[in-house]
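# Give me a 3D structure for the following:
(3 chains)
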Amino acid sequence: MKPGRRDVLVLIVLALYAAPFFWQALTSLRPDSELLPLTHLWPSRLTLAHFDVVFRQSLMPRAIVNSLGVALISTALAVGLGTLAAYALARLPVPGRSVILLGMIAATAFPQIATVSPLYLLMRGLGLRDTWLALILANGSFALPLVIWLLAGFVREIPHALEEAAAVDGADRVATLRWVVLPLVAPGMASAALLAFLFSWNEFLFAYTFTATEASRTVPVALALFPGVFEVPWGDIAAASLLASLPPIFIVVAFQRYLVRGLLAGAHRE
Amino acid sequence: MRRSRLRAAVALLALPALLAPILSGCGERAGGAPVTLVFKHAKILGPADPVPGLLRRFEAQHPGVRVQSEALTWSSDEQHQFYVINLEGDSPPFDVMMLDVVWVPEFARAGWILDLTPYVSPAERDAHFASAIAPATQDGKLWALPWFMNVGVLYYRRDLLARYGFAPPQTFEALAEQVARIRAGERDPKLDGYLWQGKQYEGGMVNVLEALWANGTRLLDDSGRPFPEPERARESLAFLRGLIEKGVSPPWVTAADEELTRRPFGDGRAIFLRNWPYALDLFELPDSRVRGKVGVAPLPRLAHGPVGAGSTGGAHLAVSARTRHAELAVELARFLTSDDAQRAMTAGAALRPSRPRLYEDPELVARDPSLPALLGLMEKGHPRPITPYYLMLSTTVQPEFSAVLVGRKSPERAIRDATVQVDHLLRAIASP
Amino acid sequence: MMRAARSMAREAADRRLGWLLVSPALVVLGGLTVYPALWVLWLSLQYRIPVFSISRWAGFEQFRFLLVDPRFWNAAWVTLVFTVGSVALECALGLAVALGLRGQHRGRRLALGLLLLAWALPSVVTAKMFEWLYHPSGGLVNFLLGGRTVNWLGDPGLALPALIVADVWRSTPFVALLCYARLLTISPDLYEAAQVDGAAGVQAFTRITWPLVRPILLVALLFRTLDALRAFDIMFVLTGGGPAGATETLTVYAYRALFQTLQIGFGSAIGVVVFALVMLVAVGYLRLISRESEAA
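Numbers count the residues shown, from 1 in each chain, chains lettered A, B, ... in the order given. As a prediction, this is how the structure comes out:
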């Protein structure tokens, strides 16, 4: 098969792979009367009614604000604390650092279902139920080890020679960190930040458990609890799903290279 | 020096003055400023919603008081989860709440609701059904006031039964026979036989309990041990599964709740339906396809049990233990459960009162002739096990019952497995 | 002498700086992972029902109960079937997709984008999406099957496979990406040389591709197994563990015990079991991987 044609075929196959998503997008534009039962693939007309319901009558807009706030702050904290810690563990003679690093890696494998009960009691005890802070902390529990793990690897990739040259030029550790290491590891930080943001945005278990009202409900929870009085509003849910998917889609489209780098880096840190 | 200190002092004094309105903004104020009571309740089904009118009447009677009505989600399980999450915290944002009757002992034991005994006279208590007051009583104290009452009933198509000369069935055997004869006669493949709620949720639990009671057994004995007559329980479960296997009920009942079964019956596509009284109001709407064709009967019995073993249910009104306006909140609860209010609710919505006297009230009976018959059914009904641990119990055994209904487990095994888990639960709960 | 002293001083300064940089992260993680990990062990040894203020020592009683708890064993079985089924399919499909992608010249970014879309979506979105696809009367699946009303999520025999399909759909891209990246590093010269030697197609795969892809596939296997064991979102939202426990994994059972029946102690015990399982699998796999890389 000619290479060009093969390429197109592969793209078609992959488009079909992503078809469930496109179907959901179509569902969000399909009028209510044509949802159940399904008689035709293409609706007779497209409607924005579902999006209208989602924006005007549902709790999704507030949930989006919550999710954005929580995810951005979680990511900032994770990358901020994580980069510094990663540098220290990768380069500085911290006593017990291999154990600590191993512990970080192990922490990424901790099942959320096991830590959710003590965290629930903790949040309850601290009165943090239904607050952004509870979710930020909970997200930190998996975002921070992930960031440290990834960045430790990225830092190690920086040749010693560069840091030594800086030292020879009279720079101390902090200056080296600031002016030599950070700029070099910035792409890695971007990858880590994207992954941290994505995981925070998508996070469900902790959010479902620690939130109670729209004051802190994030998008996945709002979607899972999408209200339907008698029947399930499939069209509205589809529209809400699309909105919930916007940041992940944006990341995949705009930052694909960084995303891929982050994923591959994690896999190679064995 | 002195000026800056003076400025600091002024700032320090000004601070509480600035914060005070914010801090006490939600607090109680004597006279003057309006008090807001928050009333949390589920959407009232039926042709009209009488609650807003009642609340405005209350506000008129109590100047300076505003009642803010807040809706709960539709599903009972979600409502319960919402309450638990909010009542566990320190300051639940509501004063009066509508509770499913089975939650009252649990909420009372957890210390979340106010003891209403000092506010309610014995005469007031006796004005309600005994089977509505009993579940709301724990340790000799009254914790909630009955708001409306429910009982499981059998709906049947009067026209179809009359056509074949049948009276409403007294036994489930008779029901199955009638279904077979009518379907053979009608020759309509889309006509379902007996619709009931078999989904894995509290409603499904109710259906199973009714089948247990219809066979003369129950879930817990008096000392709280599960399945006192396992053989009869097995028969009940096997019977329910048999309904599906023999085609008396369509297989989708195992995923059906009240609304999913009411609609097909209301569209004329089923002969029998087990549901709550609210459905009748919807069947008698002007544009209903089954208007005038629906009869209400007590639930049939199985081999060892009585006729009419429907589950009682309904909603109660309770006051949050941490409300800042205890007197007013109790007033609101008493107002909404009063004779007048229940009369308004019965007239306007698909609700049945918790006061027996109203079932024979001439004005109400004129609007709804089924009330006197319903009174008898209410009085024959069973409450679900009255224990603070009811919901824990229910969510533990529901999967086992559901497994029987979908054909995943045999009734014997389900009962055995359920017993093991209930024993463990009881062990965890038992005080040392 | 002076140089040694200076380098020692520098090392001490480095150590201090290191501690300074690491401690915030350590404190946060200590509080959010280590402390809860120990706490959940403690909780699993208690009867704890906060709603009723029940809090007393249970010892290993709850674990002993799990040994005879029919719901636990059902959940364990479901978890096993789900994990093995999902991971096997993901790896096979992922490799296939990667092989298909390998020769891609044009539109690589688009291809990867379409693929990664499935992976990046929130699991709740995926769950709702498949719930709609599987709908008996409104779902696309039944429509494409010619209008049959199969109750995918309501039939106890079909629900678990349906769930596995949904999970495979969203996780395959990860495996595919890993394999694809590795495949790109295999020099085409190797294949040319093999062709010269007369080895083609299948043999080229088994002799060249497979040995080089195998290590990364093993890593993907590790990640995916751990994720499948811990999976919660998708089955919770798609089926809630139903019908009648046909899709109730250990995680869903633990969640129900914790937040539906409010048995914090018992739910923690199940969580501890999941924890132990995950750690065992992780250690086992890592040993396997390190042995592989030693042999290589």
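
# Tell me who's in contact with the closest residue to chain A within chain B.
Nearest residue of chain B to chain A (CB to the nearest CB) works out as B:Ile85 at 4.5 Å. Yep, even glycine has a C-beta here, placed from its N, CA and C like the rest. Neighbour list for B:Ile85: A:129, A:212 [criterion: CB atoms under 8 Å, 6 or more residues apart in numbering or on different chains].

# wait, is it part of a helix?
Yes: according to DSSP: H, G, I helix; E, B strand; the rest coil, B:Ile85 belongs to a helix.

# Give me the distance between it and B:Pro92.
9 Å (CB to CB, to the nearest Å).

# returning to that earlier point: now that we're looking at the residue of chain B closest to chain A, what pLDDT does it have?
pLDDT for B:Ile85: 75.

# how much space between it and A:Pro61?
Taking CB to CB, one finds B:Ile85 at 22 Å from A:Pro61.

# picking that back up, which residues are common contacts for B:Ile85 and B:Pro92?
Common neighbours of B:Ile85 and B:Pro92 (CB under 8 Å, 6+ apart) do not exist.

# Neighbours of residue 17, how many?
With no chain named, the answer covers chain A. Look at A:Tyr17: counted by other CB atoms under 10 Å in any protein chain shown, it has 20 neighbours.

# Sorry, I should have been clearer: chain C.
Here the number of neighbours of C:Leu17 (other CB under 10 Å) works out to 21.

# right, and it touches A:Ala88 too?
Yes: using CB atoms under 8 Å, C:Leu17 is in contact with A:Ala88, at 7.2 Å.

# What lies in contact with the helix or strand where C:Leu66 lies?
Taking DSSP states H and E as the criterion, C:Leu66 maps to helix C:61-68. Here helix C:61-68 makes contact (CB under 8 Å, 6+ apart) with B:420, B:424, B:427, C:44-45, C:47, C:72, C:265-266, C:269-270, C:273.

# so which two of those are the farthest from each other?
Pairwise distances across these (CB to CB) peak at 20.8 Å, for the pair B:Val420 and C:Leu45.

# any idea how far stretch B:125-137 is from the chain center?
14 Å (CA atoms, centre = their mean, to the nearest Å).

# In that stretch, which residues are buried?
For stretch B:125-137, the neighbour count (16 or more other CB atoms under 10 Å in any protein chain shown) marks B:125, B:127-129, B:131-133, B:135-137 as buried.

# And for stretch B:400-407?
B:400-407.

# Could you restrict those to the ones contacting chain C?
Applying CB under 8 Å from any CB of the partner chain, the subset of the buried residues of stretch B:400-407 adjacent to chain C comprises B:402-403, B:405-407.

# What's the mean pLDDT across the helix holding C:Leu66?
95.

# Enumerate the positions of it that are buried.
Buried, per 16+ other CB under 10 Å, within helix C:61-68: C:61-63, C:65-66.

# again, but for stretch A:166-186
So for stretch A:166-186, counting by 16+ other CB under 10 Å, buried means A:166, A:171, A:173, A:176-177, A:180-181, A:185.

# Break down the chain into its helices, ranges please.
In the absence of a named chain, this looks at chain A. Under the criterion DSSP state H, chain A contains helices at A:3-17, A:19-28, A:49-56, A:60-91, A:97-109, A:112-125, A:132-157, A:160-168, A:173-176, A:182-202, A:205-210, A:219-224, A:234-254, A:256-268.

# ah, I was thinking of chain C
C:2-29, C:35-44, C:61-68, C:70-102, C:108-120, C:123-133, C:140-144, C:159-185, C:188-197, C:201-204, C:210-230, C:233-238, C:250-259, C:264-295.

# quick one: contacts for whichever residue of the stretch 51-200 of chain B sits closest to chain C?
Residue nearest to chain C within the stretch 51-200 of chain B: B:Ala110 (4.9 Å; CB to the nearest CB). Counting by CB under 8 Å, 6+ apart, B:Ala110 makes contact with B:87, B:388, C:51-52.

# What score does residue 214 have for pLDDT?
Went with chain A since none was named. Residue-level pLDDT assigned to A:Glu214 equals 81.

# switch to chain C, that's the one I care about
90.

# And the residue lying closest to B:Ile133 once chain neighbours are set aside, how far from B:Ala318?
The shortest distance from B:Ile133 to any non-neighbouring residue, by CB to CB, 6 or more residues apart in numbering or on different chains, is to B:Arg125 (5.8 Å). Going from B:Arg125 to B:Ala318 by CB to CB gives 15 Å.

# can you give me the helices in the stretch 251-400 of chain B?
Ranges of helices in the stretch 251-400 of chain B, per DSSP state H, counting those that start in this stretch, are B:258-266, B:278-283, B:326-336, B:339-348, B:362-367, B:371-380, B:390-405.
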